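Novice: got a sequence here, can you model it:
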Amino acid sequence: MSTEVNPTDPATIPKFVDELPKPVTAKPKYFKGQQRKDYYELKMIQAEHCFHKDFPKSIIWGYNGLYPGPTIEATKDKSIYVRYTNLLPSKHFLPVDFTLHAANDSQEVRTVTHLHGANVDWESDGHPEAWYTRDYAQIGPKFNKEIHEYTNHQPGTTLWYHDHAMALTRLNVYAGLAGFYLLRDTVEERSNLPRGDYEYPILIQDKSFNEDGSLFYPDEPPFPVPVHPSITPGFEGNTIVVNGKVWPYLNVEPRKYRFRFLNGSNRRGYVISLSNGEPMIQIGTDGGFLSAPQEIQSVELLPAERTDVIVDFSKCEGQEITLVNSDEIFIDEHTRVIMQFKVCLPLKCEDTSEIPERLAVSLDLHPHDAHIERHLPLTATTDDFGRPMLLLNNRMYHDPATEKPALDSIEIWNFINATQFDHPIHLHLIQFKILERRPFDKELYQNEGRLEFTGPSEKPHDYEQGWKDTVKAVTGKVTKIIMHWKDHAGHYMWHCHFLEHEDHDMMRPILVMKDVHPVQEQHAEIQHEMPEQKNHDSTIVTGNNKHTTPLLNNTQYITPTEEKIEYSHASLQSAYLEDDIEYNPQTIPLLTSTQNITRSSETAYLEDNVEYNQVSTPLLNNTPNIIFSKVELPHTSSLKDVTEHQIVHKVSDIENIPQPTFPSTEFQPQQRRSIRRRRRWY
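Specialist: Reported below is the predicted structural model:
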């Protein structure tokens, strides 16, 4: 190592002296079978890696000992199998916080690999509690498979695989456990895009180093805490590493190149652009190709977000173009630059690649098709040690699941960010579309629990138009997304992809339920008091959306409480029977904010001596502006004598609003059971 280079001081580290490496492509094996599906084995091992030509080698953890790991290339609708073998040491080389959930009573080194953005069965999804130790000596309670099956039933796109072990994700990914998974489809085959030597996956991360060139990760936050080692609210490195090299360069020809950018950092965001001011041609986002290419001057990527772009160097011969970062958070003169393109190679042959006018066919989701609209607050509290802790839906990870979408249902989720940070929110299993963002009075929401909009809705940015699996939930705004829960049922996750936040309980379970109809959750919709409008830009959100009123079936017992509903003779078209009532599904609204729902195997429910037939439970279609929280039926001996009634509604009280959470003692860790399950080959 040169004496003047100090790995701890980025000002002493020469930039653009290491060539950008291209990750190696994983080679499959073939297992016996009629279809001869590709089978891969990737070994997680400790190895040495050189981040910079003037650094000594550093210890890393890598798939097959490589950083980044080998790139898996797959084909749409062709299944592959991958076995990720844990051959890591029993002790971590980065500081482990044993006070975190699952870390205090489990082995120090645990791994499980998640294919980020994949449409996959939950047992192959890389559930954080499906972790395992070396040689599967210990396994987590959700562990079921040693070999992951990826069916690849989704559009071609840029995916990535990375470690997802409970309470260790931030350390394992930072140590090097990440790699690309490129899914290709016929859209790509028919499009004459740059390929081969002219296509590069680009993994951008930030790191810090010790003087001996080894990786540095803090063992405590920048404020005193009674725990050591302790998790920190977020890690930002002082150098930028691309495909495993610090500030590398890439020699290019004067022609078109395709770059698949991925933000693989723990916490840092990037706003990427070219130093010469030339535009990039965006062709894809997290979930695949756009319907048509578009010019963009810059693209913002929070951790886990990807973008697929084409850069045309044909008019830049002899130039040195820097890929710059104009993000304003945790920025300095060194982290403002990412890498450099040197247009210095001669053109090997004529560039016949094209930028097509059309790419993927647009298959948008429409809000009026949604069954449920959920309002999900992002809030802050403190843990038992006085450390800040961010929460989703006011709950910790181990609290019972509250997001239980029905298989084949369409839902709208509203992220109400009442924290002081933006958060990249990632949903497993599905790709979604961003509908809008809208500012609200954060102080009013924090103090009184009332959600009051302070401005009009904002469309997603031009670079966010495609399918996404990670979205920037902006502080002080409600971010609205829409998704279709399809293909798989089971246990999935949603979480912040700031890895320190994720490891410290900003993660919640999703239970996708099969063979049930969509039922409105009691926390999903909100009805707020309607104070006088202060100005024309101020709007009070309400939960009554005529396009997203749910369909309710198979709800056997509903406990009514406050709201009175009286039925008119005109609204009950079918005959009244003393012990059996049939309802017209077009005229009888259903509960949208049921307080207590319990399920039974019986086929009818009784309330106030009135029997409801399950078969005739009505479905609600296009019933606007009706919120039901509690029901009382009129006491009458014979409903066929009823001639005229009215429907009376009450605005649900403040208890129905998702309240912001503040420091309290109500969040107590729950003891978990470690269940060893039968392992299956696939």
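Novice: helices of the chain, residue ranges please.
Specialist: Counting by DSSP state H, the chain has these helices, from start to end: 169-175, 186-190, 442-448, 499-503.
Novice: just those: most buried one?
Specialist: Ranked by average neighbour count under the criterion mean count of other CB atoms under 10 Å, the helices of the chain are headed by helix 499-503 at a mean of 26. C-beta here means a position set from N, CA and C on the backbone, and glycine is covered the same way.
Novice: what is the rounded mean pLDDT of that one?
Specialist: Average pLDDT, helix 499-503: 98.
Novice: out of the helices of the chain, which comes closest to Asp487?
Specialist: For the helices of the chain, proximity to Asp487 was assessed by CB to CB; helix 186-190 is nearest, at 19.4 Å.
Novice: helices and strands around that closest one, which ones?
Specialist: For helix 186-190, the contact count by 3 or more CB pairs under 8 Å, 6 or more residues apart in numbering; DSSP states H and E identifies no helix or strand as a packing neighbour.
Novice: ok, residues contacting it?
Specialist: Contacts made with helix 186-190 from outside it, assessed by CB atoms under 8 Å, 6 or more residues apart in numbering, are listed as Lys76, Pro155, Gly156, Phe289, Leu359, Ala360.
Novice: so Pro7 sits against Gly237, correct?
Specialist: No - at 11.4 Å, Pro7 and Gly237 do not qualify as touching, with contact defined as CB atoms under 8 Å.
Novice: and Glu73, how many residues sit next to it?
Specialist: Residue crowding around Glu73 was assessed by other CB atoms under 10 Å; the count is 15.
Novice: circling back to that earlier point, more neighbours, Pro7 and Gly237?
Specialist: Between Pro7 and Gly237, counting by other CB under 10 Å, Pro7 is the more crowded of the two (27 against 22).
Novice: the closest residue to the more buried one other than its chain neighbours: how many residues sit nearby?
Specialist: Closest residue in space to Pro7, ignoring its immediate chain neighbours: Phe209 at 3.7 Å, by CB to CB, 6 or more residues apart in numbering. The number of residues packed around Phe209, counting by other CB under 10 Å, is 25.
Novice: separation between Phe209 and Ile481?
Specialist: In this view, Phe209 and Ile481 are 38 Å apart by CB to CB, to the nearest Å.
Novice: if we can go back for a sec, nearest to Leu88, out of the helices of the chain?
Specialist: When the helices of the chain are ranked by distance to Leu88, counting by CB to CB, first place goes to helix 169-175 at 8.9 Å.
Novice: who does the closest one touch, helix- and strand-wise?
Specialist: Packed against helix 169-175 by the contact rule (3+ CB pairs under 8 Å, 6+ apart) you find strand 58-63, strand 157-163, helix 499-503.
Novice: for these, give me JSON lines that also has distance to Met493.
Specialist: Conversion of these to JSON lines gives the following (distance: least, CB to CB, whole Å):
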{"stretch": "strand 58-63", "distance to Met493": "21"}
{"stretch": "strand 157-163", "distance to Met493": "13"}
{"stretch": "helix 499-503", "distance to Met493": "9"}
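Novice: tell me which of the ones you listed sits nearest to Leu378.
Specialist: Taking CB to CB as the measure, the helices and strands packed on helix 169-175 were each checked against Leu378, and helix 499-503 came out nearest at 9.8 Å.
Novice: give me the pLDDT for Arg36.
Specialist: 75.
Novice: and for His645?
Specialist: In this prediction, His645 carries a pLDDT score of 37.
Novice: ditto for Ser574
Specialist: pLDDT, the model's per-residue confidence, is 37 for Ser574.
Novice: do Asp364 as well
Specialist: According to the predicted model, the pLDDT of Asp364 comes to 87.
Novice: thinking again about what came up before, can you put the helices of the chain in CSV and add distance to Glu108?
Specialist: Listed next are the helices of the chain as CSV, based on distance: least, CB to CB, whole Å:
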stretch, distance to Glu108
helix 169-175, 10
helix 186-190, 42
helix 442-448, 38
helix 499-503, 14
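Novice: ranges for the strands of the stretch 1-150 of the chain?
Specialist: 29-30, 38-49, 58-63, 69-75, 80-86, 113-116, 147-150 (DSSP state E, counting those that start in this stretch).
Novice: contacts for the shortest one, please.
Specialist: Going back to what we said before, that points to strand 29-30. Defining contact as CB under 8 Å, 6+ apart, one finds that strand 29-30 is touched by Arg36, Lys37, Asp38, Tyr39, Tyr40, Glu41.
Novice: good, wrapping up.
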